[in-house]
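Participant: Predicted coordinates and the sequence they were generated for:
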Amino acid sequence: MFLVLSLSSCGDKFKPTQTNLNTAEIPAQESWNSTVIFSDSGQTKAILEAGHISVYSMKGFTLIDSGAKVNFYTDGKVASTLTGRKGKINDKTKDIEIYDSVNVVNTEGSELKTQKLLWNNMTRRVSSDEFVSIKTPAETIEGIGFESDQNLKNYKIFKVSGTFNNEQ
């Protein structure tokens, strides 16, 4: 009888514990020190390097942290490079938002600095609604709000202030 009582009392001890995890809050995939290639019709459009990537499939986005670097390509050559500390990729559109210490440099030496930048995959354009500073060999322009091609060759800055070199 003692054996029957002790066995019946042990039954609950061997049941697995139940957890209530919200699977939408847990990444479906994670990777460290990763490289992601964005291409169209066999041509590389951009290459993203990131320290840590977390894919949230159920939410439709991917988070980047521990540093991000994106090289944008034109005709098979790097045309500009974007860096920032964090980012978010819309998994459906492949649009990339980079924020926290964002820096973009093109092959002509123009440099953009801001705290947030959105790259639109379909139009291959970048934009920001934050404070931006663009330094070129001829000028330094600052303002709130910005849009440009991804190579920083044709850009608009809204609410502008800056210094211009009249010698050219």
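Facilitator: Received the coordinates, thanks.
Participant: If we ignore the residues flanking it in sequence, what's nearest Ile144?
Facilitator: In space, Ile144 comes closest to Lys159 once its chain neighbours are excluded; the distance is 4.1 Å by C-beta to C-beta, 6 or more residues apart in numbering. In this view, the C-beta of every residue, glycine as well, is placed from N, C-alpha and C.
Participant: so that neighbour touches Gly143, yeah?
Facilitator: Yes. Using C-beta atoms under 8 Å, Lys159 is in contact with Gly143, at 4.8 Å.
Participant: So between those two, which is more surrounded?
Facilitator: The neighbour comparison of Lys159 against Gly143 (other C-beta atoms under 10 Å) goes to Gly143, with 17 against 11.
Participant: Report how many residues lie close to the residue nearest to Val70 when sequence neighbours are not counted.
Facilitator: Among residues not flanking Val70 along the chain, Leu82 sits closest, at 4.4 Å (C-beta to C-beta, 6+ apart). By other C-beta under 10 Å, 24 other residues sit near Leu82.
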